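> Quick check, what structure comes out for this input:
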Amino acid sequence: MSGHSKWANIKHRKAAMDARKGQQFAKIIRELTVAAKAGGSDLEANPRLRKAVDKAREINMPSDTVERAINRGLGGEEGANFEEVFYEGYGPAGIAILIRTVTDNRNRTSGDLKHLFSKYGGNLAEKGSVAWMFDKKGLLVGNIGTVPNLEFFDIAADVGAQDVTIEDGVFEVICDPKDLTHIKAELSKLPITFERAEITFVPRQLVRVEEDETAEKILRLISVLEDLDDVQEVYANYDISGFKMEEFLGLPRLI
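Next up is the predicted model:
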């Protein structure tokens, strides 16, 4: 699940690494195309494209593949007519789930999502059912380094941050999406390092999940949703802070 790192993606163990890398390529190519189409090719002015390019570099995607995907979004190359579509649903314990997809076939995507929700204890919902439970925000995450916490708080607030948290040397800054580029530029003047700078969806409230069995069901649903080729991001409003994650990561996949 993506978003504020309190609800960040769980990096599940993957058995077939080659197949996984091919799937990652396909997802990122779609995201590069749609991000460029939506916001242009300037990485500094288009944080969504910047995030997609960074992901492409992390998995060693060839630069010409990245360029072709971006050009396709700008109209320079022919290709599939991908579009961004959001889907909404409920999971175990009634948690709200918001899914961002990039698809060239809405019927296929909705059918796949409906099947997985049904199989893993949830249900696909009507548009508008859960989207109101999330706020679109800018998110900056990084290492604070040697900057004193209070100094960082003050500077971040002065340049427009709405919320700042620091834990174990890692900072998180929440802001209005339109201020993300400006705030990052201002904070870049400090001796800090950034890990993420993106537009995300943050839950307004969290649903506390007490039972390990329910937490496991939620994580399995999120995992299989993330594995769909059309799915780019999954956001949800659960809190399973007491769940033993290492035990879940050691369990076999049940797909």
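> Averaged pLDDT, stretch 172-181. What do you get?
Across stretch 172-181, the average pLDDT comes to 94.
> same question, stretch 131-139
95.
> One more: stretch 239-252?
Per-residue scores along stretch 239-252 average to 62.
> now do stretch 151-165
96.
> and residue 63, how many neighbours does it have?
Look at residue 63: counted by other CB atoms under 10 Å, it has 10 neighbours. Bear in mind the C-beta positions are built from the backbone N, C-alpha and C, glycine included.
> what's the answer for the one 10 residues further on, then?
Applying other CB under 10 Å, we find 24 residues neighbouring residue 73.
> residue contacts, it?
32-38 (CB atoms under 8 Å, 6 or more residues apart in numbering).
> Could I get those residues in a markdown table, plus columns for pLDDT?
Listed next are these as a markdown table, based on pLDDT from 0 to 100:
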| residue | pLDDT |
| --- | --- |
| 32 | 91 |
| 33 | 92 |
| 34 | 91 |
| 35 | 91 |
| 36 | 91 |
| 37 | 89 |
| 38 | 88 |
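> Select only the buried ones of the residues you listed in ChimeraX?
The buried residues among the contacts of residue 73 can be selected in ChimeraX (16 or more other CB atoms under 10 Å) with this line:
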select :32,33,34,35,36,37
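> which ones are touching residue 29?
Residue 29 sits in contact with 65, 69, where contact means CB under 8 Å, 6+ apart.
> Tell me where this protein has strands.
Secondary structure of the chain (DSSP state E): strands at 83-90, 96-103, 123-125, 134-143, 163-167, 170-175, 193-203, 207-208, 231-236, 238-239.
> if we can go back for a sec, JSON lines please, covering the contacts of residue 73 and showing distance to residue 128.
Below are the contacts of residue 73 laid out as JSON lines (distance: CB to CB, whole Å):
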{"residue": "32", "distance to residue 128": "29"}
{"residue": "33", "distance to residue 128": "27"}
{"residue": "34", "distance to residue 128": "22"}
{"residue": "35", "distance to residue 128": "25"}
{"residue": "36", "distance to residue 128": "28"}
{"residue": "37", "distance to residue 128": "25"}
{"residue": "38", "distance to residue 128": "22"}
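> thinking again about what came up before, minimum distance to residue 57: which of the strands of the chain has it?
strand 193-203 (13.7 Å; CB to CB).
> could you measure residue 122 against residue 100, distance?
17 Å (CB to CB, to the nearest Å).
> More neighbours: these two, which one.
The residue with more neighbours, out of residue 122 and residue 100, is residue 122; 24 against 18, by other CB under 10 Å.
> My guess is that one contacts residue 90. True?
Yes: look at residue 122 against residue 90 with CB atoms under 8 Å: they come within range, at 5.5 Å.
> picking that back up, indicate which one of the strands of the chain is closest to residue 45.
It's strand 193-203; of these, that one is closest to residue 45 (CB to CB) at 12.4 Å.
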